[in-house]
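Peer 1: sequence unavailable; structure follows:
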């Protein structure tokens, strides 16, 4: 039996040696199978990498969404404080009023105003006070009364004056002077520019934007608004006296 097996093996080896072309289809099919297997194995790897990246992005967005839901005031302060610092920094870089150096006190004033007022206080006003007074609906009447109150009452008597008072406290000049600067700018173009930007923006805030993301949406819009506010509120240098009704020197 062993001899028979040996003879069969020798016969096969001899046939392979005499006719190597007979083995080529087998070799080609084996190579093709190996290449096909390699291609099929690389495709799942790419798909796995793409799905892993998408899953990481989804996890990050989910964590961010949870942060705004579970810690609304902390999220509001961080978001609006960082945004205000960036807005003022950009405004300072684009100004050409003989200020060669970066003003850190001015930037600090905007961080405090952004973090505490635009972040924490507005989170309370928009998500607690307004719903309690005007209701939680998103119908046209409810949204309209919120926007009107926000633009004609809250903004001119609290929102914008706070920015000038914080700046006065940081630069250590009288609060009365800070209010005088606000009134002077409001009589020019401050309120008109505010209403042009924020009236349509607040219509979106109170109708479409989810409650826990309202401050994030406001921070996005106010990034551009604070660049404008930073420029307007610094048209008159701090050392110059302000006279209401007269044109401030630049």
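Peer 2: Noted; the coordinates are in hand. If you're wondering where the values come from, they're calculated on a predicted model, not measured in any experiment.
Peer 1: in stretch 171-186, what counts as buried?
Peer 2: Neighbour-count burial for stretch 171-186 flags 171, 178-182, 184-186 (criterion: 16 or more other Cβ atoms under 10 Å). Every residue, glycine included, has its C-beta placed from N, CA and C.
Peer 1: ugh, wrong one, I meant stretch 68-86
Peer 2: Neighbour-count burial for stretch 68-86 [16+ other Cβ under 10 Å]: 68, 72, 75-77, 79-86.
Peer 1: can I see the domain layout of this structure?
Peer 2: 1-70, 71-233 (automatic domain parsing).
Peer 1: which residues does the closest residue to residue 170 other than its chain neighbours contact?
Peer 2: Distances taken as Cβ to Cβ, 6 or more residues apart in numbering place residue 109 nearest to residue 170, at 4.2 Å, with adjacent residues excluded. If you count contacts by Cβ atoms under 8 Å, 6 or more residues apart in numbering, residue 109 has them with 163, 166-167, 169-171.
Peer 1: over to residue 219?
Peer 2: Contacts of residue 219 (Cβ under 8 Å, 6+ apart): 79-80, 83, 118-119.
Peer 1: just the buried residues of stretch 68-86 now: which is nearest residue 230?
Peer 2: Relative to residue 230, the closest of those is residue 84; by Cβ to Cβ it sits at 8.9 Å.
Peer 1: now the closest one. Nearest residue, chain neighbours left out?
Peer 2: Distances taken as Cβ to Cβ, 6+ apart put residue 114 closest to residue 84, at 2.6 Å, once the chain neighbours are dropped.
Peer 1: that neighbour reaches residue 85, doesn't it?
Peer 2: Yes. With contact defined as Cβ atoms under 8 Å, residue 114 reaches residue 85; the gap is 7.3 Å.
Peer 1: overlap in contacts of the two?
Peer 2: Counting by Cβ under 8 Å, 6+ apart, nothing touches both residue 114 and residue 85.
Peer 1: torsion angles phi and psi at the most centrally placed residue in the chain?
Peer 2: Centroid-nearest residue in the chain: residue 220, 5.9 Å away (criterion: Cα atoms, centre = their mean). Here is the backbone geometry of residue 220 (degrees, to the nearest 10): phi -60, psi -50.
Peer 1: how about residue 235?
Peer 2: phi -70, psi -30.
Peer 1: how far away is it from residue 156?
Peer 2: Distance, residue 235 to residue 156, using Cβ to Cβ, to the nearest Å: 19 Å.
Peer 1: JSON lines please, covering the contacts of residue 109 and showing secondary structure.
Peer 2: What follows is the contacts of residue 109, written out as JSON lines (DSSP: H, G, I helix; E, B strand; the rest coil):
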{"residue": "163", "secondary structure": "helix"}
{"residue": "166", "secondary structure": "helix"}
{"residue": "167", "secondary structure": "helix"}
{"residue": "169", "secondary structure": "helix"}
{"residue": "170", "secondary structure": "helix"}
{"residue": "171", "secondary structure": "helix"}
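Peer 1: quick one: buried ones out of those residues?
Peer 2: 163, 166-167, 170-171.
Peer 1: what about the residue nearest to residue 84, how many residues close to it?
Peer 2: 28 (other Cβ atoms under 10 Å).
Peer 1: what about this structure, any weak spots by pLDDT?
Peer 2: 1-53, 96-100, 237-250 (pLDDT under 70).
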